[in-house]
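[1] Here is a sequence together with a model predicted from it:
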Amino acid sequence: MNDISSQVRLIDVGPRDGLQNEKQPVPAAVKIELVQRLQAAGLREIEVTSYVSPKWVPQMADKHEVMRGIRRQAGVRYSVLTPNLKGFEAALLDQPHEIVVFGAASEAFSQKNINCSIAQSIERFAPVVEAAKAAGIAVRGAMSCAVGCPYEGEIAPERVDYLAGLMKGIGVQRVDVADTIGVGTPKRVQAAIEAALKHFPIDHVSGHFHDTYGQALSNTLAALHMGVWNFQSSVAGLGGCPYARGANGNVATEDLVYLLHGMGIETGIDLAALVDAGQFISAHLGRPSGSRVARALLSRR
């Protein structure tokens, strides 16, 4: 076990991963306001949008408007998802600091999600990574289904090792170990992280845990004990899990910040301002926040 870091860096994926599955269109102005509020609360990394075809993800059709509407703050890194070269070329116009490419540790998920094998999916991203690096843009690799898959069940750490190796091979600079369906428990999550660490240093590995089974904070603690200090979360717990009906998706940033601050770990985030940001988007969506911490704090106001 490594020493727990005295500081943690969070990437809020709410504006992109959180909102992309919302059925009701969220206006660009609301998305821009959400990003503004997140950076005002102290977040230094925000995943803003996705350069996918509006035919597949209508919610992200306003990507250019959103990226151009943000009042950029010095020291904040804005990342975007680029599924292919065409998406990257569109993203380039908006000058993100980092692009995100993705792959699954499950062959079945890869086939059902993007109609190709894991190896083929990573091969498709090679020119995207090359173009990004040539343009001076950082590259992060999201490794989905790193612990479990809705089609294959439990995923062996060897699959994460394989995927991380492929990503390293095409020049990805850092990776997210993502428990996409939230079935992971601490030991399984640690095994997945260990597999990623064969290819990437600890500073370049982040944890992305979903709370479907209520394990996200336990899994965060397990990752912290390994020395991981980068995590992803979503304000107000935005982003349901499409494979588990009625289940929570992303762990709420507010819940994660409360845990970290309670452990004396610095995040640079103002929890009260973060709760307000979550309340802003939840009110727009017409439902209570998905964060237990936010609901508890709001009830005391």
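    On my side now, so go ahead. Residues are numbered from 1 along each chain as shown.
[2] For the one helix or strand Ala296 maps to, list every residue counted as buried.
    Assigned by DSSP states H and E, Ala296 belongs to helix 292-300. Going by neighbour count (16 or more other CB atoms under 10 Å), the buried part of helix 292-300 is Arg292, Val293, Ala294, Arg295, Leu297, Leu298. To be clear about C-beta, it is placed using only N, CA and C from the backbone, and glycine gets the same treatment.
[3] For the residues you listed, which two are the farthest from each other?
    The largest separation in those, counting by CB to CB, is between Arg292 and Leu298 at 10.8 Å.
[4] counting contacts, what elements does the helix or strand of the chain with the lowest mean pLDDT pack onto?
    In the chain, the helix or strand scored least confidently by mean pLDDT, DSSP states H and E is helix 107-114, which has a mean of 89. Where contact means 3 or more CB pairs under 8 Å, 6 or more residues apart in numbering; DSSP states H and E, helix 107-114 is packed against strand 98-104, helix 118-134.
[5] which strands and helices sit next to the first one?
    Just to be clear, that refers to strand 98-104. Strand 98-104 packs on strand 77-81, helix 107-114, helix 118-134, strand 138-144, helix 157-169, going by 3+ CB pairs under 8 Å, 6+ apart.
[6] can you list the residues that contact that strand?
    For strand 98-104, the surrounding residues in contact (CB atoms under 8 Å, 6 or more residues apart in numbering) are 47, 77-83, 88, 91, 110, 113, 118, 121-122, 125, 128-129, 132, 137-145, 149, 163, 166-167, 172.
[7] Also the last one?
    Counting by CB under 8 Å, 6+ apart, helix 118-134 makes contact with 82, 84-85, 87-89, 92, 99, 101-107, 110, 114, 116, 138-139, 162-163, 166-167, 169-172, all of which sit outside it.
[8] and the angle from the least confident helix or strand of the chain to strand 138-144?
    Interaxial angle, helix 107-114 versus strand 138-144 (axes from the mean of the first three to the mean of the last three CA atoms, to 10 degrees): 120 degrees.
[9] Give me the distance from helix 107-114 to the chain's centre.
    Distance of helix 107-114 from its chain centroid, counting by CA atoms, centre = their mean, to the nearest Å, is 19 Å.
[10] So for that helix, what gets flagged as buried?
    Under 16+ other CB under 10 Å, the buried positions of helix 107-114 are Glu107, Phe109, Ser110, Gln111, Asn113, Ile114.
[11] what's the angle from it to strand 98-104?
    Taking the same axes, to 10 degrees, one finds helix 107-114 and strand 98-104 inclined to each other by 130 degrees.
[12] and the host helix or strand of Val275, what other elements does it pack with?
    Using DSSP H and E, the element containing Val275 is helix 271-285. For helix 271-285, the packing partners by 3+ CB pairs under 8 Å, 6+ apart come out as helix 28-40, helix 253-262, helix 292-300.
[13] Using PDB, list the CA coordinates for it.
    C-alpha atoms of helix 271-285 as PDB (Å, rounded to 0.1, in the frame of the first residue of the first chain):
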ATOM      1  CA  LEU A 271     -18.000  22.400  -1.400                       C
ATOM      2  CA  ALA A 272     -20.800  24.900  -0.900                       C
ATOM      3  CA  ALA A 273     -20.200  26.500  -4.400                       C
ATOM      4  CA  LEU A 274     -20.100  22.900  -5.800                       C
ATOM      5  CA  VAL A 275     -23.500  22.100  -4.200                       C
ATOM      6  CA  ASP A 276     -24.900  25.200  -5.700                       C
ATOM      7  CA  ALA A 277     -23.600  24.200  -9.200                       C
ATOM      8  CA  GLY A 278     -25.300  20.800  -8.800                       C
ATOM      9  CA  GLN A 279     -28.500  22.400  -7.600                       C
ATOM     10  CA  PHE A 280     -28.500  24.700 -10.600                       C
ATOM     11  CA  ILE A 281     -28.400  21.800 -13.100                       C
ATOM     12  CA  SER A 282     -30.700  19.600 -11.100                       C
ATOM     13  CA  ALA A 283     -33.300  22.400 -10.900                       C
ATOM     14  CA  HIS A 284     -33.000  22.800 -14.700                       C
ATOM     15  CA  LEU A 285     -33.600  19.100 -15.200                       C
END
